[in-house]
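[1] Sequence isn't available, so here's the structure alone:
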C-alpha cells in the first residue's frame, strides 16, 4: 500500500494534461512580445497572449460590476474564444460564468490599468502558461520574433484547460 499510494498520486497529476492532449480542440493564438533565459532550465520564450489583455467592451457587464481591487488574482474568469481563421482563435468575451459549450479558457483576472499611450482601461488575465522552453540556442531567434509580434502558439484546449504544444512563426 505504501508503494501504490504515491504511484497513484503521481499518475493522477498527469491525467488532465494527457487527456487534454488526446481529446482537446487544437487552436492557434497570437502572442505579444516578451522574453528571457533561465539558468537552471535553459532557453525559454516568455509569452503573453493577446486574449489576456482585455478591453472593457470585451468583458461581460456583470463581471465588470463584480470586479474590485480585492478580487484581483482570486477571481476565476473564462475567456470565450471565437474562430477567426482556419484554426486561429480570438477573444469573443470574458465572463465569470463557465460556458456550457464552445472553446474557452479558464483563468484568473489579475489587474487593470491605463497606459500613457492608451486612455482606455485594459484588464489583464492569466489563462495560459507564460513560459515555453525551447532547444538550447534557439531562444534568441524566437525572442526576436516575439518582439516583432510574429509568433503563434499551438494549443490544445479541453473544458477550459489548455496545454501549450508549440510556438511557430506566423
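    Perfect, I can see it now. Values in this document were obtained by computation on a predicted structure and should not be read as measured data.
[2] Show me the beta-bridge partners of the residue lying closest to residue 140 once chain neighbours are set aside.
    If the residues on either side of it in the chain are set aside, residue 140 comes closest to residue 43, at 7.9 Å by CB to CB, 6 or more residues apart in numbering. C-betas here are computed from N, CA, C, even on glycine. On the basis of DSSP bridges, residue 43 is bridged to residue 37.
[3] So residue 43 sits against residue 141, correct?
    No - the pair residue 43 / residue 141 is not scored as a contact, 9.9 Å apart, by CB atoms under 8 Å.
[4] picking that back up, who touches the residue nearest to residue 140 in this structure?
    For residue 43, the contacting residues are 37, 133, 134, 135, 136, 137, 138, 139, 140, by CB atoms under 8 Å, 6 or more residues apart in numbering.
[5] ok, these vs residue 157, which is closest?
    Sorting the contacts of residue 43 by how near they are to residue 157, with CB to CB, puts residue 133 at the top with 20.3 Å.
[6] State the next helix or strand along the chain beyond the lengthiest helix in the chain.
    Criterion DSSP state H: the longest helix present in the chain is helix 4-23. The C-terminal neighbour of helix 4-23 among helices and strands, as given by DSSP states H and E, is strand 25-32.
[7] Could you pull up the mean pLDDT of stretch 111-121?
    This predicted structure assigns stretch 111-121 an average pLDDT of 70.
[8] End to end on it, go ahead and measure it.
    For stretch 111-121, the first-to-last residue distance is 10 Å (CA to CA, to the nearest Å).
[9] partner residues bridging the nearest residue to residue 23 once chain neighbours are set aside?
    Once its chain neighbours are removed from consideration, residue 23 has its nearest residue in residue 158; the separation is 5.6 Å (CB to CB, 6+ apart). Legend: beta-bridge partners of residue 158 under DSSP bridges are residue 161.
[10] Could you check how far residue 158 is from residue 103?
    With distances taken as CB to CB, to the nearest Å, residue 158 is found 9 Å from residue 103.
[11] Compare those two (neighbour count), which wins?
    Here residue 158 and residue 103 are set side by side on neighbour count (other CB atoms under 10 Å), and the busier one is residue 103, at 21 against 17.
[12] Only whichever of the contacts of residue 43 are buried, select them in PyMOL.
    The following PyMOL selection, which keeps only the buried ones among these, applies the criterion 16 or more other CB atoms under 10 Å:
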select buried, resi 134+139
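[13] Quick check: the two most widely separated of the contacts of residue 43?
    Distances among those were taken as CB to CB; the most separated pair is 133 and 140, at 14.2 Å.
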